[in-house]
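Asks: coordinates for the following, if possible.
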Amino acid sequence: MNIIFAGTPAFSAVSLKALIASGHKIPLVITQPDRRAGRGMSMMPSEVKKTAIGLGIETYQPANLKSPGVLDRIRQEPADLMIVVAFGQIVPKEILTTFPFGCINVHASLLPRWRGAAPIQRAIMAGDKETGVCIMQMEEGLDTGPVFCERRIPIVANDTAKSLHDILADLGAEALIHTLSDLDSRIPVVQQAGSQVTYAHKINNDDALIDWAASSSEIDRLVRAMDSEPGAHTFLGESRIKIWETKVLDQGDSQSGPGTVIELAEDGFVVACKKGTLKVRVIQRPGGKKSSAAEYVRAFGLKVGHEFK
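Replies: Now for the predicted structure:
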């Protein structure tokens, strides 16, 4: 099939590579404009743009899909459909209805649960027991369209946003290729149930702030959900500390105030939560690199009784 592909991050690039490997023709890749990133704040291309360039595919980077000229540029390509994977913009109706097979989306959740921008993180934070990917016919609404197929996987105790991201990117690419194999005869089989909708709102820094009044299990899930970015954080005095790895020790009632360091161990330190205790294993101080929590204790004199806020 002739396909226009729209995507931006590494998650999307996996599907782009799979489409090419499966013999589909992609005359144009649409991706977000280059952004400033890194310590030097240099202009950086998206992962999809880098992948497209490596594959010799033309890229197009409109700031907004509703901008004048965008629809005309897209219509210049003789495409059967458009594939959208984590593109980062709402696709307007004029584009959705341009192609014979419309627009198809790869979404990293079990729709209608976790529609929106951050389904992987929100599933971990909520304590979901499973997640997956859906291949969906796109409509004007946010992730509202009927589903062609889904793939499910369990969420296990040590899963992080990064580990699930990598698994779901591969799973989404496989499900996409399966869907396209007989698209001309395939009918979306599942209409999303409106009563089961939840929204995965975009993650911001406030979401990543640790509330020590939560349970140890809830905080551990937050740390695992934020392990790629922005990183779960807390405060020790005026210092903003990022916490990258934890382990739930127990979930009973704590005798110490939430956020209080109650034990120093060889592989980290233990903090009291509202319910239960949590061992901190990997930490990052302002301006520093990730280090073991034990190294942090030795270098900066963390003591029993110190309190994180």
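Asks: what residues does Met43 make contact with?
Replies: Residues near Met43 by C-beta atoms under 8 Å, 6 or more residues apart in numbering: Asp34, Arg35, Arg36. (Glycine included, C-beta is placed from N, CA and C.)
Asks: grab the nearest non-local neighbour of the first one.
Replies: Counting by C-beta to C-beta, 6 or more residues apart in numbering, Met43 is the residue found nearest to Asp34 once chain neighbours are left out, at 4.6 Å.
Asks: any idea which strand is longest in this structure?
Replies: Longest strand in the chain, counting residues (DSSP state E): strand 239-253.
Asks: list the buried residues in it.
Replies: Neighbour-count burial for strand 239-253, counted by 16 or more other C-beta atoms under 10 Å, picks out Ile241, Lys242, Ile243, Trp244, Glu245, Thr246, Lys247, Val248, Leu249.
Asks: now stretch 95-114
Replies: For stretch 95-114, the neighbour count (16+ other C-beta under 10 Å) marks 95-96, 98-99, 101-114 as buried.
Asks: swap in stretch 134-154?
Replies: Buried, per 16+ other C-beta under 10 Å, within stretch 134-154: 134-139, 143-151.
Asks: for Ile124, see how far away the closest residue to Gln284 other than its chain neighbours is.
Replies: Leaving aside its chain neighbours, Gln284 sits nearest to Lys242 (4.2 Å; criterion: C-beta to C-beta, 6+ apart). Counting by C-beta to C-beta, to the nearest Å, the gap from Lys242 to Ile124 is 17 Å.
Asks: ok so, going back, pLDDT on the helix or strand hosting the residue nearest to Asp34, on average?
Replies: Element membership of Met43 [criterion: DSSP states H and E] is strand 42-44. What strand 42-44 shows for mean pLDDT is 92.
Asks: starting at the chain centroid, how far to the worst-scoring helix or strand of the chain on mean pLDDT?
Replies: Here the helix or strand of the chain ranked lowest by mean pLDDT, DSSP states H and E is strand 35-37, holding a mean of 87. Relative to the mean C-alpha coordinate of its chain, strand 35-37 is positioned 19 Å out (C-alpha atoms, centre = their mean, to the nearest Å).
Asks: direction included, what does that strand pair up with?
Replies: Partners of strand 35-37 in the sheet, by DSSP bridges, are strand 42-44 (antiparallel).
Asks: any idea how far the strand it pairs with is from the middle of the chain?
Replies: Its chain's C-alpha centre and that of strand 42-44 lie 21 Å apart, by C-alpha atoms, centre = their mean.
Asks: beyond that strand, next helix or strand please.
Replies: Downstream of strand 42-44, the first helix or strand assigned by DSSP H and E is helix 47-55.
Asks: for that next one, buried residues please.
Replies: Glu47, Val48, Lys49, Thr51, Ala52.
Asks: one more: stretch 178-198?
Replies: Buried residues in stretch 178-198, counted by 16+ other C-beta under 10 Å: Thr179, Leu180, Arg186, Pro188, Gln192, Thr198.
Asks: start and end of it, how far apart?
Replies: One end of stretch 178-198 to the other measures 27 Å (C-alpha to C-alpha, to the nearest Å).
Asks: what's the answer for stretch 217-235, then?
Replies: 20 Å.
Asks: do the same with stretch 71-85
Replies: In stretch 71-85, first residue to last residue: 19 Å (C-alpha to C-alpha).
Asks: other SSEs contacting the helix or strand hosting Ala175?
Replies: Assigned by DSSP H and E, Ala175 belongs to helix 161-180. Counting contacts by 3 or more C-beta pairs under 8 Å, 6 or more residues apart in numbering; DSSP states H and E, helix 161-180 packs against helix 10-21, strand 81-85, strand 103-107, helix 119-125, strand 130-137, strand 147-154.
Asks: how far off strand 147-154 does it point, in degrees?
Replies: 150 degrees (axes from the mean of the first three to the mean of the last three C-alpha atoms, to 10 degrees).
Asks: which residues sit against the next helix or strand after helix 161-180?
Replies: Using DSSP H and E, the helix or strand that follows helix 161-180 towards the C-terminus is strand 199-200. Contacts with strand 199-200, where a contact means C-beta under 8 Å, 6+ apart, come from Ser109, Trp114, Arg115, Gly116, Ala117, Ala118, Pro119, Gln121, Arg122, Ala123, Leu142.
Asks: neighbours around the closest residue to the fifth one other than its chain neighbours, how many?
Replies: Here the nearest residue to Ala117 in space, its sequence neighbours aside, is Lys202; by C-beta to C-beta, 6+ apart that works out to 4.2 Å. Taking other C-beta atoms under 10 Å as the criterion, the count of residues near Lys202 is 10.
Asks: cool, Ala37 as well?
Replies: Counted with other C-beta under 10 Å, the neighbours of Ala37 add up to 11.
Asks: relative to Glu229, how far out is it?
Replies: 11 Å.
Asks: follow-up on the earlier one: tell me which two of the buried residues of stretch 178-198 sit farthest apart.
Replies: Greatest spatial distance in the buried residues of stretch 178-198: Leu180 and Thr198, 28.2 Å, computed using C-beta to C-beta.
Asks: thanks again, I'm all set now.
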